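# predicted model and sequence follow; I will ask about them next.
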Amino acid sequence: MDYQVKRVYELAKEFGCSEKAIIKFLITLGREGITRNGYVIESEYNLVRNHFLGVPIPEKPKSTPSNTQITPPKQEIDAQTILNGYAVAEIEKSPIKYYKATQKVVDELLNVIQSQETAQKESIGELTRTILKLNAKYIENPHLTPEENTLLATRQEFLVRKLAFGSEEIKREMLLVKEQAEVFFKKLSEINMGYESLREMAKLEREERPSFGFLVENLVELVQSALTRLNFFTAHKKIILEIISAHSAFIEEYKSFRTSLREEMRAISRSESIEEEIFINWYDEWAKKRILIEQRLLPLFEFVLKGYLGDKIGQLVAILRQYRDKVDEFYLNERKNIYQKFVFTSGGELQEKFEVESEINKLSSAFQRELQDIIFSTGKTEEKIFIIKWSEPIINLQIDEINEFIEEKKLKAISDEVMERFTDLRRQNFAEYLSDAKTYADAIKKRDDEFNGLIFRMRKEINAAKTNTTR
């Protein structure tokens, strides 16, 4: 698997060339839409380095696949089949036979788990090493707010809990059962050496114990639970590794947003003589969109680990990351231009807000269109509807932002009719357009046209109100 290495602008500094040159070269490799804040993966980094420095990085030796690879056996365990191998009636009458049979059945079932683990040793080892990286408790980052730390910690805790193998815990529970049988024989040995052995043996014989049938049923349930988890992990190894990789990468990238990207934006603002207060407002505006993107990961992971969209997880994360990188690019390179365009204009604050959200809406629409191929490549209605619902907070963010801004500023110049129509856009249900891809694409375009048309009407009504005031 290729992992993300560096952003484009970092490569430009490293190799002493322009960001545009690197982007142009990446496009020749098939990376459409990448920006200066976009990440390159390991294999791309090697190609870029070779191209700009002429120093190839030796390829890692490829391991030769083993011809003796073990195919994991299917384990079908049935309590009744196991019980058929025991003289249950005799075992129920005799404590000695009961506990000997208990030891034997525990060993038999532990061997079933062990054989499955041995058959899948290579896959389990890789997964275990990766999952162990999550097991350390999330450490709060001082650069993040309490809410942000809680969000990232909750996501990590979910993955640790959901991806715990569980077989070691189950084996310990089974060994405790075997240990109780050993305690019985230890007690019996001590009784045989005493003066009251017959009386004590009678007490020992009357001690409560579950029926052998119930005991075996319970043990089989434990084993079946362990095997189900083992089979799930090995069958979905690629998906699990992708989820862990995405989670870890997004955490590091969010920390970068709160540190290096923040300072980069501050430096850009200072170079343009933009006041610190304005920079802080821009960064808070940016952070609101960034945290929303982070919030989209956990519901996606939850849905995938329920057995849906498994082969699409990589694509969905890539689309989310692409949207995020374009938002970053906008705030680092375009946000100041919009401010400078309206700063000396009458009513410029409102015009600036409309312009910002209109530009972000273009990115949201592009995000929605990117999802279209995935939506119509899956045959499951619940998967289609999930993707639509999952994307809605991003699609509707601009409407919410403008509504909040207008309410906060107590603007009366915009008519109720326009505001009602604007709010109606938020209630649009794209699930109604799942009949075919064209209908869905037409619905996206129609929404964009209505959004832009209503923004234009808002601007017009604001200008008209100002004109009337000055007369």
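That came through fine. Numbering: from 1, shown residues only.
# in the top helix by length along the chain, which residues are buried?
In the chain, with assignment by DSSP state H, the single longest helix is helix 437-470. Along helix 437-470, these residues count as buried under the neighbour rule (16 or more other C-beta atoms under 10 Å): 440, 443-444, 447-448, 451, 454-455, 457-459, 462. For glycine as for every other residue, the C-beta is placed from the backbone atoms N, C-alpha and C.
# kindly report the same for stretch 393-400.
Applying a neighbour-count criterion of 16+ other C-beta under 10 Å, the buried positions in stretch 393-400 are 394-399.
# need the CA coordinates for stretch 455-466. PDB is fine.
What follows is stretch 455-466 as a C-alpha-only set of coordinates in PDB (Å, rounded to 0.1, in the frame of the first residue of the first chain):
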ATOM      1  CA  ILE A 455     -27.400  34.800  -4.000                       C
ATOM      2  CA  PHE A 456     -27.700  37.300  -6.900                       C
ATOM      3  CA  ARG A 457     -31.200  38.300  -5.700                       C
ATOM      4  CA  MET A 458     -29.900  38.800  -2.200                       C
ATOM      5  CA  ARG A 459     -27.100  41.100  -3.400                       C
ATOM      6  CA  LYS A 460     -29.600  43.000  -5.600                       C
ATOM      7  CA  GLU A 461     -32.100  43.500  -2.800                       C
ATOM      8  CA  ILE A 462     -29.300  44.700  -0.400                       C
ATOM      9  CA  ASN A 463     -28.100  47.200  -3.000                       C
ATOM     10  CA  ALA A 464     -31.600  48.400  -3.700                       C
ATOM     11  CA  ALA A 465     -32.200  49.000   0.000                       C
ATOM     12  CA  LYS A 466     -29.000  51.000   0.300                       C
END
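# tell me if K6 really is in a strand.
Yes. Assigned with DSSP: H, G, I helix; E, B strand; the rest coil, K6 falls within a strand.
# if we can go back for a sec, Throw the buried residues of stretch 393-400 into TSV and include pLDDT, secondary structure and distance to E179, thanks.
Supplementary listing: these in TSV, determined by pLDDT from 0 to 100; DSSP: H, G, I helix; E, B strand; the rest coil; distance: C-beta to C-beta, whole Å:
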residue	pLDDT	secondary structure	distance to E179
I394	93	helix	54
I395	90	helix	57
N396	89	helix	58
L397	88	helix	57
Q398	85	helix	63
I399	85	helix	63
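# nearest to R266, of those?
Within the set of these, L397 lies nearest R266; the separation is 24.1 Å, counting by C-beta to C-beta.
# residues contacting the residue lying closest to that closest one once chain neighbours are set aside?
Ranked by C-beta to C-beta, 6 or more residues apart in numbering and with sequence neighbours excluded, the top spatial neighbour of L397 is L292, at 6.1 Å. Contact partners of L292, counting by C-beta atoms under 8 Å, 6 or more residues apart in numbering, are 393-394, 397.
# let's see that with 10 Å instead.
L292 is in contact with 324, 327, 393-394, 397, 400, counting by C-beta atoms under 10 Å, 6 or more residues apart in numbering.
# again, but for E355
With contact set as C-beta under 10 Å, 6+ apart, E355 has these partners: 334, 337-339, 341-342, 348, 455, 459.
# in these, find the pair that's most separated.
E334 and R459 (19.1 Å).
# on the three-state scheme, the residue lying farthest from the centre of the chain is what?
Among the residues of the chain, the one whose C-alpha is farthest from the average of all C-alpha positions is Y195, by C-alpha atoms, centre = their mean at 66.6 Å. Here Y195 is coil, with the state taken from three-state DSSP.
# phi and psi next, for it.
phi -80, psi -20 (degrees, to the nearest 10).
# do S415 as well
Taking degrees, to the nearest 10, you get phi -70, psi 150 for the backbone angles of S415.
# pretty sure it is touching I406, no?
No. The criterion here is C-beta atoms under 10 Å, and S415 misses it with I406 at 11.6 Å.
# shared neighbours, these two?
In the contact map built from C-beta under 10 Å, 6+ apart, the residues linked to both S415 and I406 are M458.
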